[in-house]
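>>> below are the sequence and a predicted model for it; my questions follow.
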Amino acid sequence: MVKQVRAARTREALIRAAAEVFANDGYALASLPEISERAGVSKGALHFHFATKDILAAEVEGVAAERVARLAERSSAAGTSLQSLVDTGSGLLQALTDDPVVRAGFRLGGDPSRKKGSELLHWWHERVRALVADAQVAGELGQTVSADAATTVIVAVVEGLGALGMADRSWLSAERVASLWSFLAPRLAASPLHAPLHHTSVPSAPTA
């Protein structure tokens, strides 16, 4: 039992250390020796848990996707599909600021040195598509709003802010996120609005 707990802690330490390195340096420049040193773990222990850098990166992406999915579950009680969309998008941007694992998953997904698709970005695309479709069925979208166009704009704008925030965290400030939805929401929602859309701060996933 003690060995299992120790192994789990070692694995968590490696995932967090790897996330910090991937988020800061990107996949190509990240090295396993640097990750093991940052985690305070021997190189042998690192290779025991993760045989290659690619396997470790895939694990970081998987954990990031799980955390964002849990974040989305917490925002699903918003009352309307549009409000859930606002809360999920805001929560994702907040997590990119607060959680190095989510930040690394986001960066790895757009890293040109990796040929694999991004689990996190794919999840986000599908989540937006589903919520916009639900909003359309429920009559929450304006009559002239195209569901495909709305999906494209929301996906692109949130991912764009996320990418800008990698270099300058001010792009992910609460004020910028609130201004994003203040601009988009009235252009998406049916008139008159069933209920005012607002930015709700969704607690980000645990960073440990």
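Cool, got the structure. Numbering: from 1, shown residues only.
>>> chain center to the longest helix along the chain: distance?
Counting by DSSP state H, the longest helix found in the chain is helix 2-29. Centre-to-centre, helix 2-29 and its host chain are 18 Å apart (C-alpha atoms, centre = their mean, to the nearest Å).
>>> helices and strands around that helix, which ones?
Here helix 2-29 touches helix 32-39, helix 43-49, helix 53-75, helix 100-109, going by 3 or more C-beta pairs under 8 Å, 6 or more residues apart in numbering; DSSP states H and E. C-beta coordinates here come from the backbone N, C-alpha and C atoms, glycine included.
>>> so what touches the last one?
Helix 100-109 is touched from outside by 15-16, 18-20, 22-23, 26-27, 57, 60-61, 63-65, 67-68, 92, 95-97, 114, 117-121, 162, 166, 204-205, 207, with contacts defined as C-beta atoms under 8 Å, 6 or more residues apart in numbering.
>>> phi and psi next, for Val145.
Backbone torsions for Val145, taken as degrees, to the nearest 10, come to phi -90, psi 130.
>>> whoops, Leu141 was the one
The phi and psi values for Leu141, taken as degrees, to the nearest 10, are phi -90, psi 150.
>>> gap between it and Ser81?
Separation of Leu141 from Ser81 (C-beta to C-beta, to the nearest Å): 9 Å.
>>> which neighbours do the two have in common?
Val132, Ala135.
>>> helix, strand, or coil at Ser113?
Secondary structure, DSSP: H, G, I helix; E, B strand; the rest coil: Ser113 is coil.
>>> can you start the count at 309 instead of 1 from here on
With 309 as the first residue, the last one maps to Ser421.
>>> what's the burial count for it?
By other C-beta atoms under 10 Å, the residues close to Ser421 number 10.
>>> buried residues, the host helix or strand of Ala486. List them.
If you go by DSSP states H and E, Ala486 is part of helix 482-496. By 16 or more other C-beta atoms under 10 Å, the buried positions in helix 482-496 come out as Val485, Leu488, Trp489, Leu492, Ala493, Leu496.
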